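In: here you go, sequence then predicted model.
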Amino acid sequence: MLEIYDQVQEACAFIRQQWNHNPHAGIILGTGLGSLVEQIEVEAMIDYDQIPHFPRSTVISHRGRLVCGKLCGLPVMVMEGRFHMYEGYPLKKITLPVRVMKHMGAQLLVVSNACGGMNPYFKSGDIMLIEDHINLLGDNPLIGINDDRLGPRFPDMSEPYDLHLVDKALELARKNDIVAHKGVFVAVSGPNLETRAEYRFLRAIGSDAVGMSTVPEVIVAVHSGMRVIGFSVITDMCLPDALEAADVAKIIATAKGAEPKLRTLVSGIMDYERARLGKA
Amino acid sequence: MMKDRVAEACRKIRQERMLFPEVAIILGSGLGGLADAIEHPTKIPYSQIPYFPVTSAQGHAGNLVLGFLAGVPVVAMQGRIHRYEGFSPDEVCFPLRCMHQLGAQTLIVSNASGGLNPRYISGDLVVIDQHINFLGQPSRPDYVDVTLSRNGEIYHRGLIERAHDHARRNGFALHQGTYLATLGPTYETRSEYRFFRKTGADVVGMSTVPEVLCAAEMGMRILAFSIVTNVALPDHSTSTNHLEVISWSEIAAPKLRHVVTGLLQELAGPAD
């Protein structure tokens, strides 16, 4: 963990050469959700492989670049394409971009993912606001000697997601006639999808949706003292007693279909943040 | 070779203090005070013992203490090694192997934990009955002394019963429960607390299981205690901080001291 601080400094110094602003929020876009970028007044686009210490995204349907600019009048840094544990990267490497966002000035992390719905009241294409999570990755990005410059040794996790923002997002969804739920997200390492028995287990332990990302980034955001809001797009329903074979093309199509909803909610949250900051 | 490294570390320890301990003691967050009760102590900083990992956690001092507790020769780890510090199971268990090599046949281990059982309150003492290993990554040391048999109980039934006797005599409640070990270092989310409670765990913490698995493989008698330093109330969210954990464990430390010294006094008497 002790090498991370210097790596963050170097990555930030490089980014500042191309975009010297303090972002209000860092945004991470998940599978098939990249088109949110179209709404951004782009000021700089930097490929991950140019940024010192950044890993490279290896997944199709994930681009690999950092987009800097303005969303709803607020400066933002957007990760178009993210990193996953199943790509073989250590979690502290996957989460380095979150630390970079924080060091650039971001106070808020907006994170999105495509995931499987296990709560039978959900439907494919619905949005779930993440209210809480269960870490079943079998790993933690904070393993190692703690660097107190980055955050506390034992971060409290009683409210990792800003519940006030969750309520705001649900309110925005109602106003815009979007079906949105709140629920518990469970992270597994993947890359295989779950067996029916695993879905029953995951549902039984109290989760509503399952995915292979997000929790490492959220743990690091909480460690660095950021507020977090997380959006899950339910891209397929994982009901163990009526399970259909997963079709990745269909999952990506569902994610794309849900993009307008996610755009509405994310920009609504950014409008709210701008008003809150009195920069209207 | 693990055996050679253990031998080298033990040579150094014996140079500092020639003692054949009967009991090995590992003390958790805020419980280092029990090590101060050791009479005629020799304190050896971990950094002076070959191959000993050096701790980083707040509230963990980092000394091997040899001396007498209630008349029994003991060796105690004041400050323990955790998986969340990035140490492998073999590194976490290295000091324990040395304590066993020095002569200890019994392990007494304690930790600070979060209470999941709604009957527990902060400051309560729990004797560990069983554990659930939720460390995720390999939690068993690679280097194995003997094959662990499934016949026996890991936690020594007779010692558990005697711990209850001492608690009763000293007038406080001793719970008996299941300890669930997570990797940490994050405290649990509310959803994780609910999940762990459903699996049957009474307390949750970030230690103990690697050492206990290693001690069981070496055939040691094991007695483990957990001090409840915060109560997990998933439906009434409260935050947890490390200072609170340390102060509750200091408040509960006298209970642990009563039970441990009581047991040791028995050990100092006729052998069973």
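Out: On my side now, so go ahead.
In: what sits closest to the residue of the stretch 1-150 of chain A found nearest chain B if chain neighbours are left out?
Out: Taking CB to the nearest CB, chain B has its nearest neighbour within the stretch 1-150 of chain A at residue A:138, 2.9 Å off. All C-beta spots, glycine's among them, are computed from the backbone N, C-alpha and C. In space, and not counting its chain neighbours, residue A:138 is closest to residue B:136: 2.9 Å by CB to CB, 6 or more residues apart in numbering or on different chains.
In: identify the residues contacting that neighbour.
Out: For residue B:136, the contact set (CB atoms under 8 Å, 6 or more residues apart in numbering or on different chains) comprises A:137-139, B:183.
In: for it, helix, strand, or coil?
Out: What DSSP: H, G, I helix; E, B strand; the rest coil gives for residue B:136 is coil.
In: report pLDDT for it.
Out: In this model, residue B:136 is scored at 76, pLDDT.
In: rewinding a little: helix or strand: which one has the residue of the stretch 1-150 of chain A closest to chain B?
Out: When elements are assigned from DSSP states H and E, residue A:138 belongs to no helix and no strand.
In: and for residue B:223?
Out: Applying DSSP H and E as the criterion places residue B:223 in strand B:221-231.
In: which helices and strands does the next helix or strand after that strand pack with?
Out: Of the helices and strands lying after strand B:221-231 in sequence (DSSP H and E), the nearest is helix B:242-268. On a contact count with 3 or more CB pairs under 8 Å, 6 or more residues apart in numbering or on different chains; DSSP states H and E, helix B:242-268 meets strand B:23-27, helix B:33-36, strand B:63-69, strand B:72-78, strand B:106-115, strand B:125-134, helix B:157-169, strand B:221-231.
In: and the angle for helix B:242-268 with strand B:106-115?
Out: Helix B:242-268 runs at 150 degrees relative to strand B:106-115, counting by axes from the mean of the first three to the mean of the last three CA atoms, to 10 degrees.
In: how many residues are close by residue A:245?
Out: 7 (other CB atoms under 10 Å in any protein chain shown).
In: phi first, then psi, for it.
Out: Main-chain dihedrals, residue A:245, degrees, to the nearest 10: phi -60, psi 140.
In: how about residue B:22?
Out: Backbone torsions of residue B:22, given as degrees, to the nearest 10, read phi -90, psi -30.
In: which residues of chain A fall in strands?
Out: For chain A, the strands defined by DSSP state E cover A:25-29, A:41-47, A:65-71, A:74-80, A:108-117, A:127-135, A:180-187, A:209-211, A:227-237.
In: mind giving me the packing neighbours of the fourth one?
Out: Think strand A:74-80. strand A:25-29, strand A:65-71, helix A:96-104, helix A:248-277.
In: got a list of what residue B:110 touches?
Out: Here residue B:110 is in contact with B:26-28, B:31, B:34, B:224-227, B:256 (criterion: CB under 8 Å, 6+ apart).
In: any idea which of those is least confident?
Out: Across the set of the contacts of residue B:110, residue B:31 stands lowest in pLDDT, at 65.
In: got the residues of the stretch 101-250 of chain B near chain A?
Out: B:136-137, B:183-192, B:194-195, B:198-199, B:237-242, B:245 (CB under 8 Å from any CB of the partner chain).
In: just the closest residue of chain B to chain A, please.
Out: For chain B, CB to the nearest CB, closest residue to chain A: residue B:136, 2.9 Å.
In: could you measure from that residue over to residue B:78?
Out: Noted for residue B:136: a distance of 28 Å to residue B:78, by CB to CB, to the nearest Å.
In: phi, psi of the nearest residue to residue A:156 once chain neighbours are set aside?
Out: Distances taken as CB to CB, 6+ apart put residue B:239 closest to residue A:156, at 4.4 Å, once the chain neighbours are dropped. With angles defined as degrees, to the nearest 10, residue B:239 sits at phi -90, psi 160.
In: list the contacts of residue B:239.
Out: If a contact means CB under 8 Å, 6+ apart, then residue B:239 has A:156, A:158-159 as its contacts.
In: quick one: end-to-end distance for stretch A:224-243.
Out: One end of stretch A:224-243 to the other measures 39 Å (CA to CA, to the nearest Å).
In: cool, and stretch B:180-192?
Out: Stretch B:180-192 stretches 12 Å from its first residue to its last (CA to CA).
In: let me see the mean pLDDT of that stretch.
Out: Computed over stretch B:180-192, the mean pLDDT rounds to 91.
In: check which residues of that stretch are buried.
Out: Neighbour-count burial for stretch B:180-192, counted by 16 or more other CB atoms under 10 Å in any protein chain shown, picks out B:180-192.
In: one more: stretch A:34-50?
Out: For stretch A:34-50, by 16+ other CB under 10 Å, it's A:34, A:36-37, A:40, A:44-46, A:48.
In: quick one: contacts of it?
Out: Here stretch A:34-50 makes contact (CB under 8 Å, 6+ apart) with A:14-15, A:18-19, A:21, A:27, A:29, A:54-57, A:62-71, A:76, A:78, A:80-81, A:256, A:259, A:262-263, A:266-267.
In: how far out from the middle of the chain is stretch B:113-130?
Out: 15 Å (CA atoms, centre = their mean, to the nearest Å).
In: ends of it, what's the gap?
Out: Start-to-end span of stretch B:113-130 (CA to CA) is 15 Å.
In: hmm, residue B:95 is touching residue B:79, no?
Out: No. Counting by CB atoms under 8 Å, residue B:95 does not reach residue B:79; the two are 9.9 Å apart.
In: residues shared between the contacts of those two?
Out: The contact lists of residue B:95 and residue B:79 share residue B:46, where a contact means CB under 8 Å, 6+ apart.
In: which residue is nearest the middle of chain B?
Out: The residue lying closest to the centre of chain B (CA atoms, centre = their mean) is residue B:109, at 2.6 Å.
In: residue B:225 is in contact with that one, correct?
Out: Yes. Using CB under 8 Å, residue B:109 makes contact with residue B:225 at a distance of 7.4 Å.
In: where does chain B have low pLDDT?
Out: For chain B, the stretches flagged by pLDDT under 70 are B:29-32, B:55-61, B:137-152, B:237, B:269-272.
In: let's go with 80 and repeat that
Out: Within chain B, the segments meeting pLDDT under 80 span B:28-33, B:55-61, B:136-152, B:233-251, B:268-272.
In: repeat that for chain A.
Out: Residue ranges of chain A with pLDDT under 80: A:1, A:31-35, A:56-63, A:246, A:278-280.
In: for chain B, what are the nearby residues on it?
Out: For chain A, the residues in contact with chain B (CB under 8 Å from any CB) are A:1, A:132-135, A:137-140, A:142-146, A:152-160, A:184, A:204-207, A:219, A:222-223.
In: which members of those are classed as buried?
Out: A:1, A:132-135, A:137, A:139-140, A:142-144, A:146, A:152-160, A:184, A:205-207, A:219, A:222-223.
In: which residues touch the residue of chain A positioned farthest from its centre?
Out: Distance from the centre of chain A peaks at residue A:241, with 29.3 Å (CA atoms, centre = their mean). For residue A:241, the contacting residues are residue A:196, by CB under 8 Å, 6+ apart.
In: ditto for the one 3 residues further on
Out: When contacts are counted by CB under 8 Å, 6+ apart, residue A:244 is found next to residue A:236.
In: how much space between it and chain B?
Out: For residue A:244, the distance to chain B equals 27 Å [CB to the nearest CB, to the nearest Å].
In: phi, psi of that residue?
Out: With angles defined as degrees, to the nearest 10, residue A:244 sits at phi -100, psi 150.
In: what do you get for residue A:157?
Out: Main-chain dihedrals, residue A:157, degrees, to the nearest 10: phi -130, psi 30.
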